Every structure is written in C-alpha cells, then in structure tokens.
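Undergrad: Can you look at this prediction? I've put the sequence above it.
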Amino acid sequence: ELIRENKVIKEGQNLKKFLMKKDVVYKN
C-alpha cells in the first residue's frame, strides 16, 4: 500500500512540475 501511495505522490509531483514548466513556456 505504502509503495503505491508513494508512486501516486511522485506522479502528482511530476505532473505539477510538468504543468509549471508548461506555464513558464506560455509566459515566456
């Protein structure tokens, strides 16, 4: 269970990073 939770958290962080990168691209 814990491993699966960590994976979900990691994917969430990756998604956030991806969206932030996309946001930066749009701003520049």
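TA: The structure has been received and is ready for your questions. Numbering: from 1, shown residues only.
Undergrad: pLDDT averaged over the helix or strand Leu15 falls within, what's the number?
TA: Secondary structure assignment for Leu15, by DSSP states H and E: helix 2-27. Looking at helix 2-27 alone, the average pLDDT works out to 90.
Undergrad: Show me what it is packed against.
TA: With contacts defined as 3 or more C-beta pairs under 8 Å, 6 or more residues apart in numbering; DSSP states H and E, helix 2-27 has no helix or strand neighbours. Heads up, the C-betas are built off the backbone N, CA and C, glycines and all.
Undergrad: mind checking how far it is from the chain centre?
TA: 0 Å (C-alpha atoms, centre = their mean, to the nearest Å).
Undergrad: cool, and stretch 19-28?
TA: Distance, stretch centre to chain centre, for stretch 19-28: 13 Å (C-alpha atoms, centre = their mean).
Undergrad: List the buried residues for that stretch?
TA: For stretch 19-28, the buried set under the neighbour-count rule, 16 or more other C-beta atoms under 10 Å, is empty.
Undergrad: CA atoms of it as PDB?
TA: Below are the C-alpha coordinates for stretch 19-28, written out as PDB (Å, rounded to 0.1, in the frame of the first residue of the first chain):
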ATOM      1  CA  LEU A  19       2.400  22.000 -15.500                       C
ATOM      2  CA  MET A  20       4.800  24.500 -14.000                       C
ATOM      3  CA  LYS A  21       7.200  24.000 -16.900                       C
ATOM      4  CA  LYS A  22       4.300  24.400 -19.400                       C
ATOM      5  CA  ASP A  23       3.200  27.600 -17.500                       C
ATOM      6  CA  VAL A  24       6.700  29.000 -17.800                       C
ATOM      7  CA  VAL A  25       6.800  28.200 -21.500                       C
ATOM      8  CA  TYR A  26       3.500  30.000 -22.000                       C
ATOM      9  CA  LYS A  27       4.700  33.100 -20.100                       C
ATOM     10  CA  ASN A  28       8.000  33.400 -22.000                       C
END
